[in-house]
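Chemist: Turn this into a model:
(one chain, ligands or ions: 2)
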Amino acid sequence: MRILSIETSCDETAIAVVVCSGGAEAPVFSVRAHVVATQIATHRPFGGVVPSLAKREHLLNLPLAYAEVLEQLKVAGCEAKFDRIAVTVGPGLEPALWTGINFAKDLGEKLGVPVVGVNHLEGHMYSNWLDVELAKKIQFPAVVLLVSGGHTALVVMDSMQSWRKLGETQDDAVGEAFDKVAKMLGLPYPGGPEVEKLAREGNPDAIAFPRPMLHSGDFNFSFSGLKTSVLYHTKAHPDASVPDVCASFQKAAIDVLVTKTMRAAEENGTQSVLVCGGVASNAALSVELKKRAEDAGMEFFAPAMQYNGDNAVMIAAASYLSAGIPTEKALPNLNI
Ligand code: KG4
Ligand code: ZN
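Modeler: Numbering: from 1, shown residues only. Ligands and ions are numbered 1, 2, ... in the order given. As a prediction, this is how the structure comes out:
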């Protein structure tokens, strides 16, 4: 099945063409075209994503990204024929989502191809199946730590098509906390990679930041208090070493994420621990989670770097593999 996929839930305009085969039992994905047009430069002056600007940029970028996809297909000698158009329908920024949905619907009508909606969170989850050889080793039940700028959740997948959320953040997503801490420290948006870079030069034990909800007994998270502690600390100690603040904040966040993920894995009898989402690019997180999983006799999986952040390849994979669990916060009047 040849899927054209579209992702516009946040600040990346992404379109891909992926040939999917093998079914949910032995899926194989072959990427034929892939474009990600990032809006980072547009949002950077504001220190975060501005929904109205995201919408404007998506509207500008969608036709350009589609033209680029057609060009990539042509160069690869592939026909521009699709069996399905898959588009992210949520969760995400509503004005941004609608640009992709409307583009998909128009294209579907023009080409006579059915349009299906995809849950963005499932996109991140199934990005772990894009590497065919690695994915063969994933065993169910699998625990998935989903960490991005908009979401932080722990999920158990009982099979390829059935999953349940164990817990999620009660306030800020962990990526959002990285971004806000970066902003306090005068670092550019998106802050995650900047904080990680500086943390490498700092002492992670320099400041004892809190580990919110570490012992809450459930699988929920909270990062807003941690972010506020960083704010108070930097106000009280204006001369504090920025690398030490970054390293100590990062360690506090990772401690909570890894401890809860491992407890979820143990309580659910898991052999496979997966991570996904933009924050999965954080090497300190993946190194620690891998170590803890392997110490417990489990195997650790992470997507290839280019599929951690928002992209359309993962949306094609989710459209192919998922049972189509209705998206949370589904958009009103969504008639696809
Ligand atoms: O998955 P993603 O591209 O978009 C959402 O669905 O939200 O994630 C973006 C988030 C941003 O908050 C960014 O700061 C964070 O991922 N991020 C990182 C790193 N790289 C990206 N956070 C910590 N360390 C990183 N290396
Ligand atoms: Zn995302």
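Chemist: Show the contacting residues for the residue of the stretch 201-336 of the chain found nearest ligand 1.
Modeler: Nearest residue of the stretch 201-336 of the chain to ligand 1: G278, at 2.0 Å (Cβ to the nearest ligand atom). For every residue, glycine as well, the C-beta is placed using N, CA and C. Contact partners of G278, counting by Cβ atoms under 8 Å, 6 or more residues apart in numbering, are 147-149, 175, 190, 192, 308-310.
Chemist: Mind doing that once more with 10 Å?
Modeler: 10, 12, 124, 147-151, 173-175, 178, 190, 192-193, 308-310 (Cβ atoms under 10 Å, 6 or more residues apart in numbering).
Chemist: in the stretch 201-336 of the chain, which spans are helices?
Modeler: Under the criterion DSSP state H, counting those that start in this stretch, helices of the stretch 201-336 of the chain are mapped to 224-236, 242-267, 283-295, 313-321.
Chemist: of all these, which lies closest to I101?
Modeler: In terms of Cβ to Cβ, the element of the helices of the stretch 201-336 of the chain nearest to I101 is helix 313-321, at 12.2 Å.
Chemist: next one: that closest one to chain centre, how far?
Modeler: 13 Å (Cα atoms, centre = their mean, to the nearest Å).
Chemist: How about stretch 274-285?
Modeler: Distance, centroid of stretch 274-285 to centroid of chain: 9 Å (Cα atoms, centre = their mean).
Chemist: buried sites along it?
Modeler: 274-282, 284-285 (16 or more other Cβ atoms under 10 Å).
Chemist: between the helices of the stretch 201-336 of the chain, which gets nearest to ligand 2?
Modeler: Of all those, the one in closest proximity to ligand 2, counting by Cβ to the ion, is helix 313-321 (8.6 Å).
Chemist: who in the stretch 101-250 of the chain is up against ligand 1?
Modeler: 148-150, 175-176, 178-179, 190-193, 196 (Cβ under 6 Å from any ligand atom).
Chemist: go with 8 Å
Modeler: With the criterion set to Cβ under 8 Å from any ligand atom, the stretch 101-250 of the chain comes near ligand 1 through 120, 124, 147-151, 173-176, 178-179, 182, 189-193, 195-196, 250.
Chemist: just to revisit the earlier point, from the contacts of G278, which are also near ligand 2?
Modeler: The residues of those that also fall near ligand 2, by Cβ under 5 Å from the ion, are 148, 310.
Chemist: hmm, which of the contacts of G278 are the buried ones?
Modeler: By neighbour count, with 16+ other Cβ under 10 Å, the contacts of G278 hold 10, 12, 124, 147-151, 173-175, 178, 190, 192, 308-310 as buried.
Chemist: can you tell me which of these are in strands?
Modeler: Judged by DSSP state E, those include 12, 147 as members of strands.
Chemist: where does this structure dip in pLDDT?
Modeler: Residue ranges of the chain with pLDDT under 70: 325-336.
Chemist: need the strands for it, in chain order.
Modeler: For the chain, strands defined by DSSP E occupy the ranges 2-7, 12-21, 28-38, 84-90, 115-119, 142-147, 152-159, 162-168, 272-276, 299-301.
Chemist: Next, format those strands as a markdown table and append distance to K227.
Modeler: Formatted as a markdown table, the strands of the chain follow (distance: least, Cβ to Cβ, whole Å):
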| stretch | distance to K227 |
| --- | --- |
| strand 2-7 | 27 |
| strand 12-21 | 24 |
| strand 28-38 | 24 |
| strand 84-90 | 25 |
| strand 115-119 | 27 |
| strand 142-147 | 15 |
| strand 152-159 | 13 |
| strand 162-168 | 17 |
| strand 272-276 | 21 |
| strand 299-301 | 27 |
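Chemist: I appreciate the help and will end here.
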